[in-house]
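Peer 1: here are the coordinates; sequence isn't available:
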């Protein structure tokens with residue numbers, strides 16, 4: 001478990017993760033509304049060298065950001081969807097691209113598309129400004145990320 005006590009710490013942790021990305025990683029973020037998932041992704045993007053401002057994809061479902069070294073970050077938010085429909089196909093393509101790192105919020109609608117080897121990060125809020133993150137890897141790549149983050 002990793003504990004962060006501010007938005008800045010959440011972004012720094014995300015930035016550390018983004019620096020570890022090589023392309024082909026999949027991260028599932030689990031947490032209530034307001035837990036800090038998009039704040040975390042802002043840090044991931046910064047760590048990958050994304051120069052754009054990261055915005056929540058709650059209404060657009062996904063956002064794509066160009067990163068360093070001809071890589072990209074794709075950020076999905078399936079909060080408003082019970083069935084991902086065609087978006088599940090798009091997600092599957094992004095997951096299969098070894099130059100793309102994928103972060104998914106509210107992944108229930110696309111569980112069948114996500115690979116077993118993904119980093120699942122559960123975020124809870126025991127206090128107003130405190131967040132606790134539990135990291136679980138599902139395979140070689142995601143377990144490497146867990147080891148290097150802790």
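Peer 2: Yep, it's here. Note that the structure is a prediction, hence the values are computed from the model and not measured. Numbering: from 1, shown residues only.

Peer 1: State the three-state secondary structure for residue 120.
Peer 2: Using DSSP: H, G, I helix; E, B strand; the rest coil, the structure places residue 120 in strand.

Peer 1: ok, now how distant is it from residue 64?
Peer 2: For residue 120, the distance to residue 64 equals 22 Å [C-beta to C-beta, to the nearest Å]. Every residue, glycine included, has its C-beta placed from N, CA and C.

Peer 1: the more surrounded of these two?
Peer 2: residue 120 (19 against 13; other C-beta atoms under 10 Å).

Peer 1: For that one, list the residues it contacts.
Peer 2: By C-beta atoms under 8 Å, 6 or more residues apart in numbering, residue 120 lies in contact with 27, 28, 30, 135, 136, 137, 138, 142.

Peer 1: what's across from the residue positioned nearest the centre of the chain in the sheet?
Peer 2: Centrality entry for the chain: nearest residue to the mean C-alpha point is residue 103, 3.0 Å, by C-alpha atoms, centre = their mean. Under DSSP bridges, the beta-bridge partners of residue 103 are residue 27, residue 75.

Peer 1: what's the distance between the lowest-mean-pLDDT helix or strand in the chain and the middle of its chain?
Peer 2: Sorting the helices and strands of the chain by mean pLDDT, DSSP states H and E puts helix 86-96 at the bottom, at a mean of 88. How far helix 86-96 lies from its chain's middle: 15 Å, per C-alpha atoms, centre = their mean, to the nearest Å.

Peer 1: Please identify the helix or strand for residue 63.
Peer 2: Assessed by DSSP states H and E, residue 63 sits inside strand 62-66.

Peer 1: What strands flank that strand, and is each parallel or antiparallel?
Peer 2: Partners of strand 62-66 in its sheet, by DSSP bridges: strand 72-77 (antiparallel).

Peer 1: any idea of the mean pLDDT in the partner strand?
Peer 2: Mean per-residue pLDDT for strand 72-77: 95.

Peer 1: what separates it from the chain centre, distance-wise?
Peer 2: On the basis of C-alpha atoms, centre = their mean, strand 72-77 is displaced by 7 Å from the centre of the chain it belongs to.

Peer 1: ok, now stretch 138-148?
Peer 2: 14 Å.

Peer 1: swap in stretch 79-98?
Peer 2: Worked out by C-alpha atoms, centre = their mean, stretch 79-98 lies 14 Å from the chain centre.
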